[in-house]
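Novice: For reference, the sequence and a predicted model appear below.
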Amino acid sequence: MSFKVVLFFLLLEGFVASQQEDVGFTYNGFREVNMSLDGLSQITENGLLMLANNSLQRLGHAFYPYPVHFKNFSTVKRKRKFAEVLEDWELDYGPYRFKYKDLYIATKGFKKMELLGTGGFGMVYRGVLPKSKTEVAVKRVSHNSKQGEREFIAELIRIGKLRHRSIVTLLGYCRRKEELLLVYDFMSNGSLDKLLFDQTTTKTMLSWCQRFRIIKSVAAALLYLHEEWEQVVVHRDVKASNVLLDKELNGRLGDFGLARLHDHGTDPQTTHVVGTIGYLAPELCRTGKANPSVDVFAFGAFLFEVACGRRPIEHEASEECMVLVDWVISCWSRGKILDTVDPKLGKNYEVEEMELVLKLGLLCSHSIPTERPNMRQVIRYLEGEVTPPELTCLV
């Protein structure tokens, strides 16, 4: 009797006796083998080997007469921990499927120290893939309900094929039982809002040149979504916290969890009003239709965030300054629009570019949707190809 055979059945005996794990081991060919049995061990009529009864106090032993070949043998518990199931809808889908084990190792078991932030749909962790040593961001989507799974699949389908230099790239995904995971390019400088507003955690102060470049990048991303992709994609959550910065401080639009799609030339369907207060176009409450114009309105609020260094709504501010767009309109009407510039910039900005961005923010945030420019026009204004129209009544 070889040592390997004895070891095999000792392991098997331990698994059966514990009765605390579903070991998933089934072999019904023992009936045709001349095995050595003692104690309670027996071969059942259907060819199964029984080594114990329901009591943990009485056991049996069995010895297999022929060599057993082992290949990559490991404990069943470990296999179950990293087990994955491929569902039908995934077979024809494009993005790369990561192994759960690799993402678990990459994020050090999703340790708190690797947490990058928490969004509306879950937590995002920094990770380093074990083989390639590539840095990634892993979004662990909230999945305490079927809604969480629908959100995961929706985001996967929406952005899996989007490819643009100003959009955060989805590298792949992973599903493991109830775990829903998305893997993105790692943006080493985090979200734009932290550099604009949270000076307690960073020493980096974005220059006007860097801010203007980020504005152009987000505008290009929205043009791609609205007009240049195979379908119309309405992001529905354009804001500084959803713009991520790479190591060169280039801006990329991310987080497509609220995005809606419709075919070019068709009317978008009515949907629930979702988004962030301060960025929501006023007509959404009336129509419930998410068309590109609602992204343009949010882009206007985003322009004010970048130029003024303030959030769209600040409850601690005075009544006049609480709503950012109202304050900018007030300053514009008094001929003092540059009073709204982020004080952290001092005088270190191009006046013409700043005035352009602020006035463009007013155009994009117009209360009447038809008065807003589309993103192709916005880019032409930003590039200096066309002079934006004169501002008229904005309320």
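Specialist: Happy to help now that I have it.

Novice: make it CA atoms for all contacts and neighbour counts henceforth
Specialist: OK.

Novice: now residue 354, what's its secondary structure?
Specialist: helix (DSSP: H, G, I helix; E, B strand; the rest coil).

Novice: who's in contact with it?
Specialist: By Cα atoms under 8 Å, 6 or more residues apart in numbering, the contact list for residue 354 reads 307, 338, 341.

Novice: Please apply the same query to residue 42.
Specialist: Per Cα under 8 Å, 6+ apart, neighbours of residue 42: 49, 50, 51.

Novice: beta partners for it?
Specialist: Legend: beta-bridge partners of residue 42 under DSSP bridges are residue 50.

Novice: Output the below-cut-off pLDDT ranges for the stretch 101-250 of the chain.
Specialist: 119-121, 142-159, 199-203 (pLDDT under 70).

Novice: Which stretches in this protein count as strands?
Specialist: 36-39, 42-43, 49-50, 60-63, 96-97, 115-119, 122-128, 135-141, 170-176, 179-185, 232-234, 243-245, 251-253, 260-262 (DSSP state E).

Novice: CSV for those strands, including distance to residue 268?
Specialist: Converted to CSV, these look like this (distance: least, Cα to Cα, whole Å):
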stretch, distance to residue 268
strand 36-39, 72
strand 42-43, 66
strand 49-50, 62
strand 60-63, 68
strand 96-97, 30
strand 115-119, 26
strand 122-128, 27
strand 135-141, 27
strand 170-176, 25
strand 179-185, 27
strand 232-234, 9
strand 243-245, 25
strand 251-253, 22
strand 260-262, 6
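
Novice: Tell me which of those strands sits nearest to residue 274.
Specialist: strand 260-262 (11.0 Å; Cα to Cα).

Novice: Need the residues that contact that closest one.
Specialist: 158, 231, 232, 233, 234, 235, 236, 268, 290.

Novice: I'd assumed residue 259 was in contact with the third one.
Specialist: No: using Cα atoms under 8 Å, residue 232 and residue 259 do not qualify as a contacting pair, with a distance of 10.1 Å.

Novice: Looking only at neighbour counts, state which of the two leads.
Specialist: Remark: of residue 232 and residue 259, residue 232 carries more neighbours, 22 against 18, as counted by other Cα atoms under 10 Å.

Novice: if we can go back for a sec, among the contacts of residue 354, which lie within helices?
Specialist: residue 307 (DSSP state H).

Novice: can you pick the most crowded of the contacts of residue 354?
Specialist: residue 307 (25 neighbours).

Novice: separation between it and residue 281?
Specialist: 20 Å (Cα to Cα, to the nearest Å).

Novice: now do residue 385
Specialist: Distance from residue 385 to residue 281, by Cα to Cα: 27 Å.

Novice: what about these two, which has more around it?
Specialist: Neighbours were counted for residue 385 and for residue 281 using other Cα under 10 Å; residue 281 has more, 22 against 10.

Novice: who touches that one in this structure?
Specialist: Applying Cα under 8 Å, 6+ apart, we find residue 281 in contact with 294, 297, 298, 365, 367.

Novice: Residue 107: which of these is nearest?
Specialist: Using Cα to Cα, those come closest to residue 107 at residue 298, 33.4 Å.

Novice: quick one on the thing from earlier: just so I know, which of the strands of the chain lies nearest residue 392?
Specialist: If we rank the strands of the chain by Cα to Cα, the stretch that ends up nearest is strand 232-234, at 27.3 Å.

Novice: which outside residues touch the closest one?
Specialist: Residues contacting strand 232-234 (Cα under 8 Å, 6+ apart): 225, 226, 259, 260, 261, 262, 263, 264, 290, 291, 292, 295.

Novice: And the fourth one, how far from residue 136?
Specialist: What that stands for is residue 260. 26 Å.

Novice: on that earlier part again, if you compare the strands of the chain, which one is most tucked away?
Specialist: The highest average neighbour count among these, using mean count of other Cα atoms under 10 Å, belongs to strand 251-253 at a mean of 28.
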